[in-house]
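S.K.: What would the 3D arrangement of this be:
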Amino acid sequence: MDNEHLQKLLDNYNDKFELFNSAENHEIYKWTAVSRFQKYWDLDAEDFGGMFKNAMGGDESLISESSYQPINGVVFLCRHSSDMQEAVRDEFRKLLNPDDSDYEVRQKKAEAFVMGMNSLLRMVDSEKWKYHQEMSSALMYLSFADPEDNFLYKENEVKTFIQYVGEDEDMITDDSVDLPRYYRMCGAVVEALQQHSEIQEKLDDALQEEADQSDDSSVTEIDSDDHILAFDVIYCALNYELYDEMPAAPKKKRRKKSAATAESEEKEKEQEKLRRDIRNGRARLKTAQNRRDEMTAPSLVGSTAAHKKYGEGKVTAQEGSHLTVAFDQAGEKKFVLPDAVTRGFLKFDDEKIADTCRKIQEFNEEIRKEELEVRALEVQLNGSGD
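M.R.: Coordinates of the predicted model:
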């Protein structure tokens, strides 16, 4: 590995750390996604598909694209039938079986998982091609289950990094990856990172801020060996243009680009930026949805509510966010939380109820804002000819 190139890259990563961990880009969500998976993952869950969807709820933009949705593929198979759900569970059980860190064995398990899952998909619906699994998704599942003995993986980002640091490009061939070599390379990145105290300090601060916002300290403990950090360097290097130079591909003559080629490349660059912005927007949207969903709506049955027009009434029923309030003169009326409280229709003596409703409303507004931004970006991407 070209250590000089690696050190330049780490310096650039350090210099731009605040950029890709700003509120707009929020790349720290990788740690949050793994933390969420560890919190909800249960191989023996009765509803394996539902558990899987919930556990993977923080990372769809990291693994899935519009044309490639392996997470939805798992859920789709599990919902087909109870027998198919058990078959899917068995594929995950075999993938995650202990192997004493024998990475050659792990590679074979990952390849077998991909073949097994895609065979199940063909049995159910051969046309659902975007639901198929690849080595990249298998490595993601392994990393989410055990980040201390695995590394996250995305093909384009890794290919570019390999070229930059002078590793053998045949590490990735035919939609596969030489897992032992990839893990060794990432291990070298970890060693270099652990000598870079400034990056470590910035990461600690960012993770602590994320923990404070989510009220979940586990996010600060999920990456004790810096394996997620090593992947983040590889990922951000390509997506945030951290490479100061790219070595020319060997034995290839450079040809002068035609105007059409240059225009096409510029268009592809713009589209890739839009795709990245969409991924980041979806990640922020998912984070806001998760935080909103984890807030428990106050239990109000039996509580007294005051209404400007109807006077005092008693909450007689509550289904999710829907309340039924019985008033002496007006009879039963229906209300929806949190709007009924935040807009002043109903008032309760307990101030905590109003506080909780306000927080839920803030998350709802954030979710609506992110949904609109993502939708606008998707329209822009589709209009650019993607």
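
S.K.: which parts of the longest helix seen in the chain are buried?
M.R.: Ranked by residue count under DSSP state H, the longest helix found in the chain is helix 259-294. If you call a residue buried by 16 or more other CB atoms under 10 Å, then helix 259-294 has these buried ones: 274-292. Just so you know, the C-beta spots here come from the backbone N, C-alpha and C atoms, and that holds for glycine as well.

S.K.: got the residue ranges for the strands in this protein?
M.R.: Assigned by DSSP state E, the chain shows strands spanning 172-173, 176-177, 304-307, 311-319, 322-327, 331-336, 346-347.

S.K.: just how off-centre is the longest one within its chain?
M.R.: Going back to what we said before, that points to strand 311-319. Centroid displacement of strand 311-319 relative to its chain, using CA atoms, centre = their mean, to the nearest Å, is 39 Å.

S.K.: for that strand, packing partners?
M.R.: strand 304-307, strand 322-327 (3 or more CB pairs under 8 Å, 6 or more residues apart in numbering; DSSP states H and E).

S.K.: For Gln107, find the nearest of those strands.
M.R.: strand 322-327 (51.3 Å; CB to CB).

S.K.: who does the closest one pair up with?
M.R.: Strand 322-327 pairs in its sheet with strand 311-319 (antiparallel), strand 331-336 (antiparallel), by DSSP bridges.

S.K.: could those go into TSV alongside mean pLDDT, mean neighbour count and distance to Cys186?
M.R.: Listed next are these as TSV, based on pLDDT from 0 to 100; neighbours: other CB atoms under 10 Å; distance: least, CB to CB, whole Å:
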stretch	mean pLDDT	mean neighbour count	distance to Cys186
strand 311-319	93	15	49
strand 331-336	91	14	49
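
S.K.: Take those strands and write them to CSV, including distance to Ile234.
M.R.: Output for those, formatted as CSV (distance: least, CB to CB, whole Å):
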stretch, distance to Ile234
strand 311-319, 47
strand 331-336, 46
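
S.K.: Among these, which comes closest to Val124?
M.R.: Nearest of those (CB to CB): strand 311-319, 34.3 Å.

S.K.: For stretch 31-40, buried residues please.
M.R.: Of the residues in stretch 31-40, those buried (16+ other CB under 10 Å) are 31-38.

S.K.: and that stretch, average pLDDT?
M.R.: Mean pLDDT, computed over stretch 31-40, is 92.

S.K.: And that stretch, how far out from the chain middle?
M.R.: In terms of CA atoms, centre = their mean, the centre of stretch 31-40 is found 9 Å from the chain centre.

S.K.: send the alpha carbons of it over as CSV?
M.R.: Output in CSV follows, covering the C-alpha atoms of stretch 31-40 (Å, rounded to 0.1, in the frame of the first residue of the first chain):
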residue,chain,number,x,y,z
TRP,A,31,-22.6,4.4,13.3
THR,A,32,-26.2,5.1,14.2
ALA,A,33,-27.4,2.5,11.7
VAL,A,34,-25.1,-0.2,13.1
SER,A,35,-26.1,0.7,16.6
ARG,A,36,-29.8,0.4,15.7
PHE,A,37,-29.2,-3.0,14.1
GLN,A,38,-27.5,-4.3,17.2
LYS,A,39,-30.4,-3.0,19.3
TYR,A,40,-33.2,-4.7,17.4
